[in-house]
Every structure is written in structure tokens, then in C-alpha cells.
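A.B. asks: next come a sequence and a model predicted from it.
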Amino acid sequence: MAAAGGCTRWHSMQYGVALNMVATALEAIRALAREEPRLLGREVELKIVGGASHATVGAHGHGALACLNVHWRLSSDEIVLLDALEAAMQALGAVPHLGKRHCLPPGYAERALPGLIELRALARQLDPDGLFAMEAIR
């Protein structure tokens, strides 16, 4: 299916915030929608994950988080919607889901994900050729 902006593709992105930051994160999304009408009517899934855990990286490394997840079909000229949403979440220090689409500035993953350095070392040990490595783990 083609749109005015060319081919459309599905994109999935997720950021987690501490439970006490949910209202702030939702207000940031509302503010974006006021500036960018193409965001109106797009679904944002809110889910609570984590809790007490021994995980060292990812959502469970932070305790309980409210995750704001999007799965949108976008044309190439609509990708800026994800970029704007991502910038708003990064401004809040939100935790990225490493298995989804992200454009992380240098050092952001290390700040947002305690234990990432240890995870990288383990990944290099288990997958020395980097066959399964994702960008944030390299």
C-alpha cells in the first residue's frame, strides 16, 4: 500500500518511565499532538511491566515501569512522528526497549540502561562473531 509519502511500513518503538512519571510522559505526548496533528488518533499502548527483579538491564532492571509502546504504519515522510516522540521520551530519561526501533544519541543507552556494559561483555562471549548483535549491544 502506498501513500503520498511513498511506501508505508510498520514501525514499533517503546520507552519505559517510572510509574510516578506516567502523567508527565502522557502530557509530553499530548503536547506533541497539539504541535503535530498527524499524531492525533494514533494509538499509544500503555503497559506496566517489571517489579522486583534480579535483572541487570532493560525494563526489569529498573523495577516497575510504565511502557509507552507504539506500533504504527508510517510512510517515509511520517517517520518524523517517531523522531519527535522519541525526543520527548529521551528528554524524560525514559528507558528504550532495545528490541524495537530507536535512534539513540551517543551514551544514552548506557545512561538509561544500568548493566548494559555487562550485557555487552556477555553478548561478545556468547556471540563472538556478532551474528545476533543489535546495534545497542555492540
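C.D. replies: Sure thing, it's come through. Note that this is a predicted model, so its numbers are computed, not measured. Numbering: from 1, shown residues only.

A.B. asks: immediately after whatever helix or strand R30 lives in, which helix or strand?
C.D. replies: Per DSSP states H and E: R30 is located in helix 22-35. Next helix or strand after helix 22-35 toward the C-terminus (DSSP H and E): strand 45-49.

A.B. asks: after that next one, which helix or strand is next? Please name it.
C.D. replies: Once strand 45-49 ends, the next helix or strand along the chain (criterion: DSSP H and E) is strand 65-75.

A.B. asks: pLDDT below threshold where in the chain?
C.D. replies: Along the chain, the model assigns pLDDT under 70 to residues 1-6, 51-62.

A.B. asks: each with direction, which strands does the lengthiest strand in it pair with?
C.D. replies: Assignment by DSSP state E gives strand 6-18 as the longest strand of the chain. Within its sheet, and counting by DSSP bridges, strand 6-18 is paired with strand 2-3 (antiparallel), strand 65-75 (antiparallel), strand 95-96 (antiparallel).

A.B. asks: winner for burial among the ones you listed?
C.D. replies: Of all the strands paired with strand 6-18, strand 95-96 carries the top mean neighbour count, a mean of 24, counting by mean count of other C-beta atoms under 10 Å. (C-beta placed from N, C-alpha, C; glycine too.)

A.B. asks: what comes up buried for the very next helix or strand once past that strand?
C.D. replies: Going down the chain from strand 95-96, the next helix or strand is helix 108-112, by DSSP H and E. For helix 108-112, the neighbour count (16 or more other C-beta atoms under 10 Å) marks 108-109, 112 as buried.

A.B. asks: now for A84, how many residues are close by?
C.D. replies: Neighbour count for A84, taken as other C-beta atoms under 10 Å: 17.
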